[in-house]
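**Student:** Provide a 3D model corresponding to the input given below.
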Amino acid sequence: MRTATPPLGRISKGVCILLLALAAHLPMAAQAVERRAVELPFLKANPGLREQLKTFIVLNWFAMDRIAKEQGLMNAFTVMDTGTDEGPWNVVVSVTYMDERGYDGIAEAFEKIRRAHPPVRVEGKGLRDLGSIVDSKRVFENPAHAAR
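**Tutor:** Residues are numbered from 1 along each chain as shown. Down below sits the predicted model:
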């Protein structure tokens, strides 16, 4: 005996209605995966100049980053260090952007901020005198997965 199979159109419409009803009850974070790029430049301070390098970053990079954050171009930024002059790097900066494009998504707007920022030297020294960028990584965070 053959069982009657419902027309495919009715099944498809029913499945669509069910999925739409379920989606309406999910939190927004579950409906759209939001990713933010976090750029991590790793720096090596010249011997004995780790604190001065961090001061340079705050007075220059973060002065511009504060403006970018006020303009909604980035979310957060911080500088950290290893507490020693040893190793291939000893200072890392973390910059969290508003979306997964990272700096690429704000480059044009940020260049306007950079052009308006007069470089600030620390004890007469610029970046090249204090250290150098030795590596850079981009990672992604998903705010829906962050600890609350």
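
**Student:** ok, then the element right after the least confident helix or strand in the chain by mean pLDDT?
**Tutor:** Least confident helix or strand, the chain: helix 28-31 with a mean of 43, by mean pLDDT, DSSP states H and E. Elements were assigned by DSSP states H and E; along the chain past helix 28-31, the next helix or strand is strand 36-45.

**Student:** What strands line up against that next one, and which way round?
**Tutor:** strand 91-97 (antiparallel), strand 131-141 (antiparallel) (DSSP bridges).

**Student:** Give me the contact list for the last one.
**Tutor:** By CB atoms under 8 Å, 6 or more residues apart in numbering, the surrounding residues in contact with strand 131-141 are 35-46, 49-50, 53, 88-89, 91, 96, 100, 102. All C-beta spots, glycine's among them, are computed from the backbone N, C-alpha and C.

**Student:** Whichever of those end up buried, select them in PyMOL.
**Tutor:** A single PyMOL command is used to select the members of the contacts of strand 131-141 judged buried by 16 or more other CB atoms under 10 Å:
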select buried, resi 36+37+38+39+41+42+43+44+45+49+50+53+89+91+96+100+102
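
**Student:** re earlier: can you list the strands paired with strand 36-45 in JSON lines and add distance to Met74 and mean pLDDT?
**Tutor:** Output for the strands paired with strand 36-45, formatted as JSON lines (distance: least, CB to CB, whole Å; pLDDT from 0 to 100):
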{"stretch": "strand 91-97", "distance to Met74": "5", "mean pLDDT": "98"}
{"stretch": "strand 131-141", "distance to Met74": "13", "mean pLDDT": "97"}
